[in-house]
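[1] Sequence first, then the predicted structure, then my questions.
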Protein chains: 2
Amino acid sequence: MLELAAQITDREGIGFGIVDLEKDRKLAEKLGIFEAGSIYAYKSGHKVEFDGQRSTDVLVEFLLELDESPVEEISSKIEIQSFKRHEMTKVVGFFESSSSAAYDEFVDAALDYQPMISFFAVFQKLLAKQLGLGDLNQIDFYEPYMKKPISIPGEGPHDNTVIEEFVENHKRATLRKLRPLDMYDTWEDDVQGIHVVTFADAEDPEGYEFLQMVKDIAQQNTENPNLSIVWIDPDDFTLLHDYWERTFGVDLKEPQIGVVNVTDVS
Amino acid sequence: MLELAAQITDREGIGFGIVDLEKDRKLAEKLGIFEAGSIYAYKSGHKVEFDGQRSTDVLVEFLLELDESPVEEISSKIEIQSFKRHEMTKVVGFFESSSSAAYDEFVDAALDYQPMISFFAVFQKLLAKQLGLGDLNQIDFYEPYMKKPISIPGEGPHDNTVIEEFVENHKRATLRKLRPLDMYDTWEDDVQGIHVVTFADAEDPEGYEFLQMVKDIAQQNTENPNLSIVWIDPDDFTLLHDYWERTFGVDLKEPQIGVVNVTDVS
């Protein structure tokens, strides 16, 4: 997998290296690698672990997304619409300009979470207002499928450690879609070993309706620290259909909901 | 790839076989196989060629979709909404009941195109009307992204050869999204060797806007037999990014449009 990914990403200016944890202890320590078999990416001095499905296309997707700017600028009404359509975990901040010190701190924090959590920034007061960002240096965090954000506490500007702590405290979502890109990270991010798992095909009318219901439940339970719902669209994981049908004893042609102990899933 | 797919689909009751075109000539003739390296599926006496990306997950997706009912019934308002959201090539018919002879002929035609073209049926007059199906046994064909359908000519009921001819005459779409499931079929279905190819990421604001424009163009040119637009969302084909960027000399981070001679693409 790594060889193929290296061939593909070589032209994008992304390099690969393998570290022998026994022989290259010093290098491993320097890079902060402790676990064998892990894949890390390094960008602008930040380390991001690849915790997605172990296949070439998913790893390449991860690297290509990592290669993009860590913060996406919102500079038009169209981009506000696009921001609203984005249903994954997202963070948005209002800054004076892209050269302000407060923005630099924001970029620094973004580099720790990108591409798993998307960071957006707005520099125009009018657009900021439309996003509910009334104060300069205000930073809002949105759980997936949530319309109301959580604002960073305290007066701005905030430094990167404060922003990172804020993201860290809220990043476990009530409801999220399982993606090949970070599926292992999602499974590990359980509540005392437990996830509520829902299988639903969004293109199927029954699945679509079922999902609307699950989204409503999630919105009503955003504050509940004991609920983690993982939505799986079976179409995204055809190779795992059979495995899941056997493990959970369900028929994935119908929407399904159940409680899963993560130790059962791999 | 076949071995892995066989392991996965075995429990679904789908079998695999390999035919040696030299040694098993009679069998090959009986199955209608003439081309080496092709993959065909057989269902209810119908043969469907697998013309998608040669990877296990795509083949398994094809087989799982093939395993579903060839015609989806629309029996509620919710299912009408779902039908409208379906942006691929689709055929819908209004029949007296699921046991009518006219419906049997429709199912027969569906088996030749499923899972590449979706077939829908409605048995309730009120729902049929909402879909623009005023006459019993009326059959409508929708190109992807088109709101206005084309109705089958002549008085119903229609037999399967008439329906198949009707589908065959209209199936080359003005605009379609490239899917791993039938990508080779799409490339082969060119207009004198030519496709207009557009690369746009639907999740990116620029890409989204660009696509709206392309959809408008397609709707204005539905009747034009000389236009075939293939929309590629680069996110669906991460492993081909680099290849396409080199072949077409484009940067896939931005929306792109151009004319492609299919002999250049593989």
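    That came through fine.
[2] Please give me every residue in contact with the residue nearest the centre of chain A.
    Residue closest to the average C-alpha location in chain A (CA atoms, centre = their mean): A:Met116, at 3.0 Å. Neighbouring residues of A:Met116 by CB atoms under 8 Å, 6 or more residues apart in numbering or on different chains: A:48, A:89, A:181-182, A:185. From N, CA and C alone the C-beta is placed, and that goes for glycine too.
[3] Minimum distance to chain B, which residue of the stretch 1-150 of chain A gives it?
    Going by CB to the nearest CB, chain B is nearest to A:Ser82 of the stretch 1-150 of chain A, at 3.6 Å.
[4] can I get the contacts of A:Met116 in a markdown table with pLDDT?
    Formatted as a markdown table, the contacts of A:Met116 follow (pLDDT from 0 to 100):
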| residue | pLDDT |
| --- | --- |
| A:Val48 | 85 |
| A:Thr89 | 95 |
| A:Leu181 | 90 |
| A:Asp182 | 89 |
| A:Asp185 | 86 |
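[5] which parts of the longest helix anywhere in chain A are buried?
    The longest helix of chain A (DSSP state H) is helix A:205-220. Neighbour counts over helix A:205-220 (16 or more other CB atoms under 10 Å in any protein chain shown) mark A:205-211, A:214-215, A:217-218 as buried.
[6] Tabulate those (a markdown table), appending distance to chain B.
    Shown next, in a markdown table, are those (distance: CB to the nearest CB, whole Å):
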| residue | distance to chain B |
| --- | --- |
| A:Pro205 | 4 |
| A:Glu206 | 8 |
| A:Gly207 | 9 |
| A:Tyr208 | 6 |
| A:Glu209 | 6 |
| A:Phe210 | 11 |
| A:Leu211 | 12 |
| A:Val214 | 16 |
| A:Lys215 | 16 |
| A:Ile217 | 19 |
| A:Ala218 | 21 |
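[7] re the thing from before, is the very next helix or strand once past the longest helix of chain A positioned near chain B?
    Next along the chain after helix A:205-220, taking DSSP states H and E as the criterion, comes strand A:229-232. No - Strand A:229-232 lies out of reach of chain B by CB under 8 Å from any CB of the partner chain, never closer than 14.8 Å.
[8] So which elements touch strand A:229-232?
    strand A:175-177, strand A:194-199, helix A:205-220 (3 or more CB pairs under 8 Å, 6 or more residues apart in numbering or on different chains; DSSP states H and E).
[9] send the alpha carbons of it over as CSV?
    C-alpha atoms of strand A:229-232 as CSV (Å, rounded to 0.1, in the frame of the first residue of the first chain):
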residue,chain,number,x,y,z
ILE,A,229,-24.1,7.8,17.4
VAL,A,230,-22.1,6.6,14.4
TRP,A,231,-24.0,6.6,11.1
ILE,A,232,-22.8,4.1,8.6
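[10] And that strand, what's buried?
    Buried positions in strand A:229-232, judged by neighbour count with 16+ other CB under 10 Å: A:229-232.
[11] Confirm that A:Phe141 sits in a strand.
    Yes - applying DSSP: H, G, I helix; E, B strand; the rest coil, one finds A:Phe141 inside a strand.
[12] What is the nearest of the buried residues of strand A:229-232 to chain B?
    Using CB to the nearest CB, these come closest to chain B at A:Ile232, 14.8 Å.
[13] how about A:Lys47, phi and psi?
    Main-chain torsions, A:Lys47, degrees, to the nearest 10: phi -110, psi 130.
[14] what do you get for A:Lys125?
    Per degrees, to the nearest 10, the backbone of A:Lys125 is at phi -60, psi -40.
[15] burial of it, as a residue count?
    12 (other CB atoms under 10 Å in any protein chain shown).
[16] quick one, what contacts it?
    By CB under 8 Å, 6+ apart, the residues touching A:Lys125 are A:Phe94.
[17] Now for A:Leu31: which residues touch it?
    Neighbouring residues of A:Leu31 by CB under 8 Å, 6+ apart: A:19, A:40, A:42, A:47.
[18] Not counting its neighbours along the chain, what's nearest the third one?
    Right, A:Tyr42. Of all residues not flanking A:Tyr42 in the chain, A:Leu31 sits nearest, at 7.3 Å (CB to CB, 6 or more residues apart in numbering or on different chains).
[19] The residue of the stretch 1-150 of chain A closest to chain B reaches B:Gly207, doesn't it?
    No - contact criterion CB atoms under 8 Å: A:Ser82 and B:Gly207 do not qualify, at 9.1 Å.
[20] What is the three-state secondary structure of A:Gly93?
    Assigned state for A:Gly93: strand (three-state reduction, three-state DSSP).
[21] what's the spacing between it and A:Ala173?
    From A:Gly93 over to A:Ala173 the distance is 19 Å, taken as CB to CB, to the nearest Å.
[22] higher neighbour count, those two?
    Ranked by neighbour count (other CB under 10 Å), A:Gly93 and A:Ala173 place A:Gly93 first, with 31 against 23.
[23] Apart from its neighbours in sequence, what residue is nearest that one?
    Once flanking residues are discounted, A:Gly93 sits nearest to A:Ile139: 4.2 Å by CB to CB, 6+ apart.
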